[in-house]
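Chemist: Quick one: sequence plus predicted model below, questions after.
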Amino acid sequence: MDYKEEFTRIFTENIERSGSAQLLEWLGKTDFFTAPASTKFHCACEHGLVIHSLNVYNVMMKHFDPETDNRESFAICALLHDVCKAGFYKTASRNVKNEETGRWEAVPYYTIEDSFPFGHGEKSVFLIERFLKLKPAEAVAIRWHMGGFDCAAKGGEYAINHAFDKYPLAVKLHLSDIEASYLVEKDM
C-alpha cells in the first residue's frame, strides 16, 4: 500500500477547510510520511507515523455517528493528532551481537530529537493552526488525545476530565488512538 497516497486521498476527500492544501503541502516537506510513530512501541518503523494516523482514522470512523459527528472533524483529528512527531525522530545506530555469527553489528534504531519542546498534543494543535483554524472540539480532542498518558494528566491536571465531559470528539479520538496503538498495531 502507498501510505502517503492513501493519507492524501482521505485528507483531500474529507478536509476542505481554508489552509488545508497548504498544511498537506507542508507535511510533504517534512518526514511525516516516512517517520516512525514511536522509538520502540507501536509502529516503530519507517512510515509508522502515517500508518498510525491511517489506523486511528479507520478505528475512529467505526464510532462515527452521522447524526452528531462531523466527517471533516474526524479526519482532521485522526489524521493530524500526531503531527508533532514530524521532525521528532532521528535514526542512529547501536551495536548488537548477532547470535548466529557471534559478531557485533551496527543496527539502526530511532532516537528522539525534539527541536521544538512544546508538549505533545498542544504541539500538534500549534502546528496545525499555522495553516488551518481548528474548531474548539478539534483542538481539545487533539490536545488531550493521549488521555491519562499525557504528562499533564499524570501530574494531576483536571482539564482532561472537563475536556472529555464537554467534547465527545475528544473521547472518541483518545479511544481510537489507544485501540490503534495497542490492538491494531500490537506487533508492528
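Modeler: That came through, no problem. Numbering: from 1, shown residues only.

Chemist: This structure: helices as residue ranges?
Modeler: For the chain, applying DSSP state H gives helices covering 3-14, 20-29, 48-61, 71-80, 121-129, 136-143, 151-154, 159-166, 168-179.

Chemist: which of the residues in the second one are buried?
Modeler: For helix 20-29, burial by neighbour count (16 or more other C-beta atoms under 10 Å) applies to 20, 23-24, 26-27. Placement of C-beta: from N, CA and C, glycine included.

Chemist: Nearest to F74 among these?
Modeler: S20 (14.3 Å; C-beta to C-beta).

Chemist: how about the helices of the chain, which one is nearest F41?
Modeler: The nearest among those, by C-beta to C-beta, is helix 48-61 at 9.8 Å.

Chemist: Please name every helix or strand in contact with that closest one.
Modeler: Identification of packing neighbours for helix 48-61 by 3 or more C-beta pairs under 8 Å, 6 or more residues apart in numbering; DSSP states H and E yields helix 3-14, helix 71-80, helix 168-179.

Chemist: Which positions in the last one come out as buried?
Modeler: Neighbour-count burial for helix 168-179 flags 169-179 (criterion: 16+ other C-beta under 10 Å).

Chemist: Report the contact partners of the spatially most central residue of the chain.
Modeler: Using C-alpha atoms, centre = their mean, the residue of the chain that lies closest to the mean C-alpha position is D82, 2.6 Å off. D82 sits next to 37, 49, 52-53, 124 when contact means C-beta atoms under 8 Å, 6 or more residues apart in numbering.

Chemist: Ranking helices and strands of this structure by mean pLDDT, which lands last?
Modeler: Least confident helix or strand of the chain, by mean pLDDT, DSSP states H and E, is helix 151-154 with a mean of 73.

Chemist: Mean pLDDT and distance to Y57 for the helices and strands packed on helix 48-61 - can I get that in a markdown table?
Modeler: Shown next, in a markdown table, are the helices and strands packed on helix 48-61 (pLDDT from 0 to 100; distance: least, C-beta to C-beta, whole Å):
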| stretch | mean pLDDT | distance to Y57 |
| --- | --- | --- |
| helix 3-14 | 98 | 6 |
| helix 71-80 | 98 | 4 |
| helix 168-179 | 95 | 8 |
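
Chemist: Count the neighbours of the residue nearest to N14 when sequence neighbours are not counted for me.
Modeler: Nearest non-adjacent residue to N14, counting by C-beta to C-beta, 6 or more residues apart in numbering: A75, 3.7 Å away. Neighbour count for A75, taken as other C-beta atoms under 10 Å: 21.

Chemist: returning to what we had before: let's see the least confident helix or strand of the chain as PDB, backbone CA atoms only.
Modeler: Output in PDB follows, covering the C-alpha atoms of helix 151-154 (Å, rounded to 0.1, in the frame of the first residue of the first chain):
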ATOM      1  CA  CYS A 151       2.300  14.200  31.300                       C
ATOM      2  CA  ALA A 152      -0.100  16.900  32.500                       C
ATOM      3  CA  ALA A 153      -2.800  14.300  33.300                       C
ATOM      4  CA  LYS A 154      -0.200  12.200  35.100                       C
END
